[in-house]
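J.: Coordinates for the following, if possible.
(one chain, ligands or ions: 1)
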Amino acid sequence: MLRGIHVPLVTPFTESGEPAVDAIEKLAHHVLDEGAAGLVALGTTGEVAALEPEERARVIEVCGRVCAERQASLMVGLTGNDTRSTVRALRELPEGVGTALVTIPYFLRPGERGVIAHFEALAEASPVPLVIYHIPYRTGQAVSAATLRRLGAHPMIAGVKYAVGGIDQDTVDLLGDLPDGFEVLGGDDAFVSPLLALGASGGILASAHLATRSFVELADAWHAGDVPRARALGHRLNRLSAALFAEPNPTVIKGVLHAQGLIPTPDVRLPLVPAGTESVARALQTASAE
Ligand SMILES: O=C(O)C1=N[C@H](C(=O)O)C[C@H](O)C1
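T.: Predicted structure coming up:
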């Protein structure tokens with residue numbers, strides 16, 4: 001279910017600052033046409049923190065419609081850091097959502113026992129399987145391979161979006177001994193190729209808005225054991241990701257998508273500010289070479 005490349009869609013805005021629903025729909029079809037296995041609505045890349053509740057509902061609605069039509073997987077991001085309100089949000093997810101991508105409680109730093117208790121409570125209450133979003137440089141909470149393995153043994157916890165900013169001992173330990181039915185999806189664009197080499201089943205990658213087909217080929221090549229092809233693609237795509245992440249995500253990606261005519265404006269909501277023209281030009285040039 002979690003195999004392949006999932007694109008965490010940006011939320012494009014119109015000139016008047018509203019979510020550009022038509023552009024989301026077009027972008028969704030575009031990345032699915034290019035081979036993405038599914039969409040992620042309301043990720044960090046979708047600027048979820050800056051969207052009003054009714055705007056979030058509209059984004060889920062349009063992504064749900066496209067995924068239903070295309071028989072693709074829809075994952076929805078939930079970023080609460082308190083257990084009771086996250087349970088409520090999970091229960092309020094509309095029909096058609098396949099999985100919920102739930103961030104490890106940020107800022108509070110509840111410790112590993114707290115993380116376990118949080119996810120076990122969510123897993124018991126959730127109507128859909130969960131994907132743990134582990135991104136310690138954003139949440140401030142470290143989590144060991146043993147904790148992820150324990151959580152992964154729960155039947156309602158389907159996987160982890162793994163974004164620890166590198167490959168460390170826990171990464172190798174986790175991928176060397178995964179619970180049955182628990183998948184690792186790379187969530188750091190720069191490290192997706194080594195993670196796939198270690199056994200990740202795919203990735204959730206903002207970079208895959210661009211060169212989607214090449215990211216899909218990268219995952220397929222590692223899964224097929226075609227090491228020379230996978231390694232070469234990985235190095236090439238890493239250059240694209242580096243250019244796209246030269247400024248806070250998703251500012252450069254939006255600049256490039258706008259320059260390519262795929263979204264109506266490159267606008268982001270404060271506290272994000274639009275990427276500089278040089279960063280966008282460099283990323284555009286790298287993307288054009290794909
Ligand atoms: O929104 C996401 O999902 C992603 N967010 C990450 C981030 O902004 O840190 C990057 C990753 O490509 C996907």
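J.: Which residue would be the closest one in the stretch 51-200 of the chain to the ligand?
T.: D189 (4.8 Å; Cβ to the nearest ligand atom). Bear in mind the C-beta positions are built from the backbone N, C-alpha and C, glycine included.
J.: Actually, the stretch 1-150 of the chain.
T.: G43 (2.5 Å).
J.: Now do that residue against L198, distance only.
T.: 23 Å (Cβ to Cβ, to the nearest Å).
J.: What does the residue nearest the centre of the chain show for phi and psi?
T.: Nearest residue to the geometric centre of the chain (Cα atoms, centre = their mean): I204, 3.7 Å. Backbone torsions for I204, taken as degrees, to the nearest 10, come to phi -110, psi 110.
J.: who in the stretch 51-200 of the chain is up against the ligand?
T.: Counting by Cβ under 6 Å from any ligand atom, the residues of the stretch 51-200 of the chain close to the ligand are 187, 189.
J.: at 5 Å instead, please
T.: Contacts of the stretch 51-200 of the chain with the ligand, taken as Cβ under 5 Å from any ligand atom, map to D189.
J.: show me where the stretch 51-200 of the chain has strands.
T.: Assigned by DSSP state E, counting those that start in this stretch, the strands in the stretch 51-200 of the chain fall at 73-78, 99-103, 130-134, 157-162, 183-186.
J.: Is it possible to get CSV of those that adds mean pLDDT?
T.: Shown next, in CSV, are the strands of the stretch 51-200 of the chain (pLDDT from 0 to 100):
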stretch, mean pLDDT
strand 73-78, 96
strand 99-103, 98
strand 130-134, 98
strand 157-162, 98
strand 183-186, 98
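J.: is it possible to export the ones you listed to JSON lines including distance to R150?
T.: Below are these laid out as JSON lines (distance: least, Cβ to Cβ, whole Å):
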{"stretch": "strand 73-78", "distance to R150": "21"}
{"stretch": "strand 99-103", "distance to R150": "16"}
{"stretch": "strand 130-134", "distance to R150": "11"}
{"stretch": "strand 157-162", "distance to R150": "10"}
{"stretch": "strand 183-186", "distance to R150": "15"}
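J.: dump the residue contacts of the nearest residue in space to P179 that is not next to it in sequence.
T.: In space, P179 comes closest to G152 once its chain neighbours are excluded; the distance is 4.0 Å by Cβ to Cβ, 6 or more residues apart in numbering. Residues near G152 by Cβ atoms under 8 Å, 6 or more residues apart in numbering: 159-160, 178-179, 182.
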